[in-house]
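**Student:** Return a 3D structure for these sequence lines:
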Amino acid sequence: MNMYIDDAAEVDFDEEILRQGELISDKLNMLRMEQYPPNAQKGLRQFSLAEVADLLSLTQNHIKKLHLDGKGPSPEVSSSGRRSYTAQQMLELRQYLDKHGRSDAKRYVPHRREGDALQVISVVNFKGGSGKTTTAAHLAQYLALTGHRVLAIDLDPQASLTALHGIQPELDKNPSLYEALRYDEHRVSITEVIRPTNFPGLDIVPANLELQEYEYETPLAASDKSRPDGRFFFNRISSALKEVDERYDVVVIDCPPQLGYLTLTSLTASTSVLITIHPQMLDVLSMSQFLLMLGGILSSIKDAGASVRLKWFRYLVTRYEPMDGPQSEMVGFLQALFNKNMLRNQMLKSTAIADAGITKQTVYEIERSQVNRQTYDRALESLNAVNGEVVSLVHKAWGRK
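**Tutor:** Residues are numbered from 1 along each chain as shown. Down below sits the predicted model:
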């Protein structure tokens with residue numbers, strides 16, 4: 001029996017943590033019912049003319065003229081004349097411009113063209129608290145807002161990415177990717193576990209604790225000589241994604257903060273990898289161990305046919321405070337070592353990101369008026385710079401300028 005001593009009284013640890021887990025879940029459910037009543041879907045704010053112009057790389061006057069000429073979707077116009085568009089209207093505006101723009105104009109609908117491969121981006125780190133889920137969420141949403149067809153996969157049993165999109169795993173009972181990876185006769189198509197989100201163009205495969213079963217079942221299947229699919233476990237996500245290859249341009253996978261079978265299966269399905277790193281000594285030391293372990297494991301399974309063939313991989317500095325001397329020195333150290341593999345932009349630490357997370361939102365979801373405007377603008381500029389750089393890498397992988 002697992003026990004621990006608390007104030008000289010013996011307590012059954014397993015029973016106590018189950019009780020506390022249920023208590024937290026119940027309280028979260030109460031809060032959720034207040035924010036999102038039963039059967040309600042998470043909404044999404046409208047976007048200002050300035051935001052739409054920035055996301056479409058157009059001038060505000062150009063968009064305003066289109067509206068005045070009766071071309072494209074009609075935005076909501078306030079009594080003061082301010083225009084705002086829904087995310088769906090932004091997609092409609094892209095489609096209009098793509099169809100009616102000049103032949104030499106840029107492609108406003110950046111979908112894959114014939115011959116372009118599905119891009120699969122795994123966001124990884126061995127250590128929790130590196131901003132991995134924050135990075136994956138904002139990247140997936142930015143890709144959708146810039147016209148891409150995106151599938152986000154939450155591969156972390158803790159399901160933070162899932163919660164950010166309005167899904168509470170223990171209450172909603174949504175299946176996870178485990179259902180499309182499992183080794184028994186109950187395995188299903190990935191199409192059965194995909195859910196839409198509040199962002200047009202962005203779907204998600206939620207996570208739940210059942211994903212952990214894959215970590216237990218894979219070594220058993222791999223050691224069973226009558227189960228060849230276990231020996232080739234690393235192909236399971238790749239095989240699942242083939243079923244939806246034509247539906248998406250980019251897949252963003254939020255990996256668990258551990259080097260297990262889920263992470264390895266994700267990496268072997270990936271065309272690119274983002275490694276998030278908080279610029280502090282202990283985090284960099286942890287990343288060093290992560291890279292050494294990852295290299296060793298990939299080498300050992302290479303003989304079985306596994307390989308990680310990437311178009312690119314980059315280190316992304318997260319939760320960065322430029323005025324912090326030691327952090328700046330660490331960023332300089334990393335840039336000196338891995339200049340070619342460092343993203344030029346860093347994700348700044350911001351209370352706007354933290355405040356948005358309290359209500360299970362991202363910076364792309366909250367209204368500018370909900371937080372300090374200067375803080376919001378600084379966070380948004382940082383996120384857009386990082387995500388814009390990643391989009392450029394995706395397009396470069398497709399052979400575009």
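
**Student:** Please enumerate the strands of this structure.
**Tutor:** 3-6, 9-12, 47-48, 76-77, 83-85, 119-124, 150-154, 195-196, 202-205, 250-254, 272-277, 312-317 (DSSP state E).

**Student:** Output those strands in JSON lines, with mean pLDDT appended to each entry.
**Tutor:** Converted to JSON lines, the strands of the chain look like this (pLDDT from 0 to 100):
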{"stretch": "strand 3-6", "mean pLDDT": "46"}
{"stretch": "strand 9-12", "mean pLDDT": "57"}
{"stretch": "strand 47-48", "mean pLDDT": "96"}
{"stretch": "strand 76-77", "mean pLDDT": "94"}
{"stretch": "strand 83-85", "mean pLDDT": "96"}
{"stretch": "strand 119-124", "mean pLDDT": "96"}
{"stretch": "strand 150-154", "mean pLDDT": "98"}
{"stretch": "strand 195-196", "mean pLDDT": "96"}
{"stretch": "strand 202-205", "mean pLDDT": "98"}
{"stretch": "strand 250-254", "mean pLDDT": "98"}
{"stretch": "strand 272-277", "mean pLDDT": "92"}
{"stretch": "strand 312-317", "mean pLDDT": "92"}
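
**Student:** Distance to His138 for the ones you listed - can I get that in JSON lines?
**Tutor:** (Glycine included, C-beta is placed from N, CA and C.) Formatted as JSON lines, these follow (distance: least, Cβ to Cβ, whole Å):
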{"stretch": "strand 3-6", "distance to His138": "39"}
{"stretch": "strand 9-12", "distance to His138": "41"}
{"stretch": "strand 47-48", "distance to His138": "15"}
{"stretch": "strand 76-77", "distance to His138": "25"}
{"stretch": "strand 83-85", "distance to His138": "20"}
{"stretch": "strand 119-124", "distance to His138": "10"}
{"stretch": "strand 150-154", "distance to His138": "11"}
{"stretch": "strand 195-196", "distance to His138": "19"}
{"stretch": "strand 202-205", "distance to His138": "12"}
{"stretch": "strand 250-254", "distance to His138": "10"}
{"stretch": "strand 272-277", "distance to His138": "12"}
{"stretch": "strand 312-317", "distance to His138": "11"}
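
**Student:** export the ones you listed to a markdown table and tack on mean neighbour count?
**Tutor:** Shown next, in a markdown table, are the strands of the chain (neighbours: other Cβ atoms under 10 Å):
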| stretch | mean neighbour count |
| --- | --- |
| strand 3-6 | 10 |
| strand 9-12 | 11 |
| strand 47-48 | 19 |
| strand 76-77 | 12 |
| strand 83-85 | 20 |
| strand 119-124 | 26 |
| strand 150-154 | 27 |
| strand 195-196 | 14 |
| strand 202-205 | 24 |
| strand 250-254 | 28 |
| strand 272-277 | 24 |
| strand 312-317 | 20 |
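
**Student:** closest one to Gly131 among those?
**Tutor:** strand 272-277 (5.2 Å; Cβ to Cβ).

**Student:** returning to that earlier point: identify whichever of the strands of the chain lies nearest to Trp398.
**Tutor:** Per Cβ to Cβ, nearest to Trp398 of the strands of the chain: strand 119-124, 7.7 Å.

**Student:** thinking again about what came up before, for Ser239, find the nearest of the strands of the chain.
**Tutor:** The nearest among the strands of the chain, by Cβ to Cβ, is strand 119-124 at 12.7 Å.

**Student:** so what's Glu243 up against?
**Tutor:** 189-191 (Cβ atoms under 8 Å, 6 or more residues apart in numbering).

**Student:** And it, how far from Ala354?
**Tutor:** Note on Glu243: its distance to Ala354, by Cβ to Cβ, to the nearest Å, is 37 Å.

**Student:** What of Trp312?
**Tutor:** 29 Å.

**Student:** which helix of the protein spans the most residues?
**Tutor:** helix 373-397 (DSSP state H).

**Student:** tell me which residues of that helix are tucked away?
**Tutor:** 376, 379-380, 382-384, 386-387, 390-391, 393-395, 397 (16 or more other Cβ atoms under 10 Å).

**Student:** okay, those residues in JSON lines with distance to Tyr320 and pLDDT next?
**Tutor:** What follows is those, written out as JSON lines (distance: Cβ to Cβ, whole Å; pLDDT from 0 to 100):
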{"residue": "Tyr376", "distance to Tyr320": "17", "pLDDT": "95"}
{"residue": "Ala379", "distance to Tyr320": "12", "pLDDT": "95"}
{"residue": "Leu380", "distance to Tyr320": "15", "pLDDT": "96"}
{"residue": "Ser382", "distance to Tyr320": "8", "pLDDT": "97"}
{"residue": "Leu383", "distance to Tyr320": "12", "pLDDT": "97"}
{"residue": "Asn384", "distance to Tyr320": "15", "pLDDT": "97"}
{"residue": "Val386", "distance to Tyr320": "10", "pLDDT": "98"}
{"residue": "Asn387", "distance to Tyr320": "15", "pLDDT": "98"}
{"residue": "Val390", "distance to Tyr320": "16", "pLDDT": "98"}
{"residue": "Val391", "distance to Tyr320": "20", "pLDDT": "97"}
{"residue": "Leu393", "distance to Tyr320": "20", "pLDDT": "97"}
{"residue": "Val394", "distance to Tyr320": "23", "pLDDT": "97"}
{"residue": "His395", "distance to Tyr320": "25", "pLDDT": "96"}
{"residue": "Ala397", "distance to Tyr320": "26", "pLDDT": "96"}
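
**Student:** Take the residues you listed and write them to JSON lines, including distance to Glu321.
**Tutor:** Compiled in JSON lines, the buried residues of helix 373-397 are given as follows (distance: Cβ to Cβ, whole Å):
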{"residue": "Tyr376", "distance to Glu321": "17"}
{"residue": "Ala379", "distance to Glu321": "13"}
{"residue": "Leu380", "distance to Glu321": "17"}
{"residue": "Ser382", "distance to Glu321": "12"}
{"residue": "Leu383", "distance to Glu321": "16"}
{"residue": "Asn384", "distance to Glu321": "19"}
{"residue": "Val386", "distance to Glu321": "16"}
{"residue": "Asn387", "distance to Glu321": "20"}
{"residue": "Val390", "distance to Glu321": "22"}
{"residue": "Val391", "distance to Glu321": "25"}
{"residue": "Leu393", "distance to Glu321": "25"}
{"residue": "Val394", "distance to Glu321": "28"}
{"residue": "His395", "distance to Glu321": "31"}
{"residue": "Ala397", "distance to Glu321": "32"}
